[in-house]
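Colleague: Sequence first, then the predicted structure:
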Amino acid sequence: YTADWKTAFDFSEERILAEMDKSLERLQLSYVDLIQIHDFEFCQDPEKIAKETLPVLEKIVKTGKARYIGITGYPLEEFHKVLDATDVKVDTVLSYARNLFVDMNLKAHIPYFESKSLGVINASPTGMGLLTNNGPQPWHPASKEIKAICAAAGAYCASRGWSLES
């Protein structure tokens, strides 16, 4: 990431290879188990991710610096666009806040992911703060109604000395 929004998500080969080496150095490791293209939807070009970015990750795996390839993102339909357009073996997908009582959209995509032999990681089991006493960030994509219901649940728990996230 960079501070400038126009260059914040750089999915170029040069940047990926440089950041991979920097990450291994910071972690003091010779390889990682899983390398992921994070928030790939911000590239706004699924074809670029499929045809240019994922092959770079495949090169990294072939060098032994990573064992598996994954992609992460929020809009579930975008995974299909990338996965259907690439020849690279992707091992995992990670989406967040999509398998909760307030958003069960991930469930509909599981058969597709299984057909691709993908491991599915459901991140943010608290719904990016929805299911916490403090609530989500203002930019959270949930509707006002859902935010209000979750805030009431958090307040109820807090009034009884409980933590909703527990």
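Modeller: Right, received. Where do you want to start? Residues are numbered from 1 along each chain as shown.

Colleague: where's the spatially most central residue of the chain relative to Val93, distance?
Modeller: In the chain, the centroid-proximal residue (CA atoms, centre = their mean) is Thr72; its distance is 2.9 Å. Here the criterion is CB to CB, to the nearest Å. By it, Thr72 lies 7 Å from Val93. To be clear about C-beta, it is placed using only N, CA and C from the backbone, and glycine gets the same treatment.

Colleague: how about the helices in the protein?
Modeller: Here the chain has its helices, by DSSP state H, at 13-27, 46-48, 54-63, 76-85, 105-115, 144-159.

Colleague: If you count contacts, what does the fifth one end up packed against?
Modeller: So the one you mean is helix 105-115. The contact analysis (3 or more CB pairs under 8 Å, 6 or more residues apart in numbering; DSSP states H and E) places helix 105-115 against helix 76-85, strand 119-123.

Colleague: pLDDT averaged over that helix, what's the number?
Modeller: Average pLDDT, helix 105-115: 90.

Colleague: Skipping adjacent residues, who's closest to Leu76 in space?
Modeller: Leaving aside its sequence neighbours, Leu76 sits nearest to His109 (CB to CB, 6 or more residues apart in numbering; 4.9 Å).

Colleague: Spit out the contact partners of the nearest residue to Asn134 once chain neighbours are set aside.
Modeller: Take Asn134 and drop its neighbours on the chain: the residue closest to it by CB to CB, 6+ apart is Gly154, 7.3 Å away. Contact analysis of Gly154 by CB atoms under 8 Å, 6 or more residues apart in numbering lists Leu131, Thr132, Asn133, Asn134, Gly135, Leu164.

Colleague: sorry, back to before: pretty sure Pro75 is one of the things the residue nearest to Leu76 touches, is it not?
Modeller: No. The criterion here is CB atoms under 8 Å, and His109 misses it with Pro75 at 10.7 Å.
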